[in-house]
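A.B. asks: Pasting the sequence and the predicted coordinates here, then a few questions.
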Amino acid sequence: MDDITNLIATDQIQVEISIRLGSTQISVAELARLRPDDILTLDQDMTDGVDICVGDKVIAKGELAANEETDNRLCVRILGPASLS
């Protein structure tokens with residue numbers, strides 16, 4: 001098994017990860033009426049956290065966080081793998 005692992009330079013393989021907060025559906029007319037300070041309600045509760053995705057596949061669960069070490073940029077704390085259900 002180690003021989004196969006050494007053949008694949010996994011540190012050179014890049015994947016794009018996206019964070020999914022939730023979703024909602026609105027009509028085109030409602031979309032056209034949106035203005036600054038309007039609020040869209042998503043289908044998730046704040047305690048549900050976020051989905052960490054590669055493509056369309058949810059691979060893990062996380063929660064939003066701030067990191068003072070990165071100039072208070074928005075971050076995601078990994079909570080664990082996605083459930084298999």
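C.D. replies: Nice, thanks for sending it over. Residues are numbered from 1 along each chain as shown.

A.B. asks: For residue 20, name its beta-bridge partners.
C.D. replies: For residue 20, the beta-bridge partners under DSSP bridges are residue 51.

A.B. asks: Surely it touches residue 48?
C.D. replies: No - under the criterion of C-beta atoms under 8 Å, residue 20 makes no contact with residue 48, lying 10.7 Å away. C-betas here are computed from N, CA, C, even on glycine.

A.B. asks: nearest residue to the residue most central in space within the chain other than its sequence neighbours?
C.D. replies: If you average the C-alpha coordinates of the chain and look for the closest C-alpha using C-alpha atoms, centre = their mean, you land on residue 19, 1.2 Å from that point. The shortest distance from residue 19 to any residue that is not its chain neighbour, by C-beta to C-beta, 6 or more residues apart in numbering, is 5.1 Å, and that residue is residue 50.
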